[in-house]
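Novice: return a 3D structure for these sequence lines:
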Amino acid sequence: MTPNALLDCQDQGRLWPHPPGAVGGADLDAAYQQALAVRALRVARGERPVGYKIGFTNRTIWTRYNVFAPIWGPVWDSSVRHCDGSGTLSLAGTCQPRLEPEIVFGMRATPKAGATPDELFDVVEWLAPGFEVVQSHLPDWKFSATDTVADSALHARLLVGARLPLRRLAASAAGLDSLLAAAEVELLHDGSMVERGCGANVLDSPLQALHHFLGELRRCPGAPDLQPGDVVTTGTWTDAWPVEGGQTWTARFSAPLGALTVTLT
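Specialist: Numbers count the residues shown, from 1 in each chain. As a prediction, this is how the structure comes out:
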């Protein structure tokens, strides 16, 4: 499929007319170039990238989706919403949407080349609970890893909750890493418990996921670097749950991370 055809499927919420593996191909690097071409089309029509999402950081779901390493892609001013703890997201134009509770980081500055976790900690300004709506343009969420990359890393929407200044949570990368690894989340749908997850599911902690992503981003030819003000959502703590308009979901993270409620329309 051409970049224009990929973007058209995203705009229309339409399934790809190809079987798994046919669009992404056999080469992961080539799939990232497909995704970057779609990104360029979105920028050309006036959308503004505001950061990145990292997907498949949760090792507990790798066998379920047959994807065995993290992926990444951009998020947009048209797809990201901010709130103080309760907000709405539209599912219009999405394809087989699912919901994921995550931790989102806000960047104060661009990390230096080869940044250590401590140096990365120094350029993160805040973190927040988040909900990402992900989507797949292949039926029944059956895809290859390269398909998920070509499919813009499955990103559809992102709701970012109340921001917590990083240094109010921890004094160092090691402290934050420990806090996040030990934290848990309860995922509720219309007030009923659906699943529990933990920060250690996400490459041992969301800070570790961010550090891993930074290295992968900078190994990709043509990928724009992280910028001051960017957000990075680091991957789901639970499975990704099918959703539809009219539902309300809540993620209750361990103190002091807070909670986030989303109403889907």
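Novice: G87: neighbour count?
Specialist: G87 has 16 neighbouring residues, counting by other CB atoms under 10 Å. Heads up, the C-betas are built off the backbone N, CA and C, glycines and all.
Novice: who is it paired with across the strands?
Specialist: Following DSSP bridges, G87 is listed with bridge partners V262.
Novice: pretty sure it contacts A162?
Specialist: No. Under the criterion of CB atoms under 8 Å, G87 makes no contact with A162, lying 10.5 Å away.
Novice: find residues that contact each of those two.
Specialist: L260 (CB atoms under 8 Å, 6 or more residues apart in numbering).
Novice: grab the nearest non-local neighbour of R98.
Specialist: Of all residues not flanking R98 in the chain, A240 sits nearest, at 3.8 Å (CB to CB, 6 or more residues apart in numbering).
Novice: give me the neighbour count for that neighbour.
Specialist: Residues lying near A240 (other CB under 10 Å) number 23.
Novice: please apply the same query to the one 3 residues further on.
Specialist: When neighbours are defined as other CB under 10 Å, V243 has 21 of them.
Novice: is it true that it touches E100?
Specialist: No. Checked against CB under 8 Å, the pair V243 and E100 is beyond contact range at 10.0 Å.
Novice: and the helices in the stretch 51-200 of the chain, which stretches?
Specialist: Ranges of helices in the stretch 51-200 of the chain, per DSSP state H, counting those that start in this stretch, are 62-65, 117-122, 145-150, 166-169, 173-182.
Novice: please identify the most buried of these.
Specialist: helix 145-150 (a mean of 24; mean count of other CB atoms under 10 Å).
Novice: can you list contacts of that one?
Specialist: Residues outside helix 145-150 that contact it (CB under 8 Å, 6+ apart): 1, 6, 20-21, 23-28, 30-32, 34-35, 55-56, 66-69, 71, 73, 136, 138, 154.
Novice: try it again with 7 Å
Specialist: The contact list for helix 145-150 (CB atoms under 7 Å, 6 or more residues apart in numbering) reads 6, 20-21, 23-28, 31-32, 34-35, 55, 67, 71, 138, 154.
Novice: likewise stretch 18-26?
Specialist: Residues outside stretch 18-26 that contact it (CB under 7 Å, 6+ apart): 1, 16, 31, 138, 142-144, 146-147, 149-150.
Novice: now swap in stretch 219-235 and tell me
Specialist: Residues outside stretch 219-235 that contact it (CB under 7 Å, 6+ apart) are 32, 36, 50-58, 75, 80, 102-111, 130, 132, 158, 160, 202, 206, 209-210, 213, 217-218.
Novice: once you drop chain neighbours, what's closest to W62?
Specialist: Of all residues not flanking W62 in the chain, F68 sits nearest, at 4.9 Å (CB to CB, 6+ apart).
Novice: that neighbour against R59, yeah?
Specialist: No. Contact between F68 and R59 fails when scored by CB atoms under 7 Å: they sit 8.6 Å apart.
Novice: more neighbours: which of the two?
Specialist: Neighbour totals were compared for F68 and R59, and R59 leads with 16 against 10 (other CB under 10 Å).
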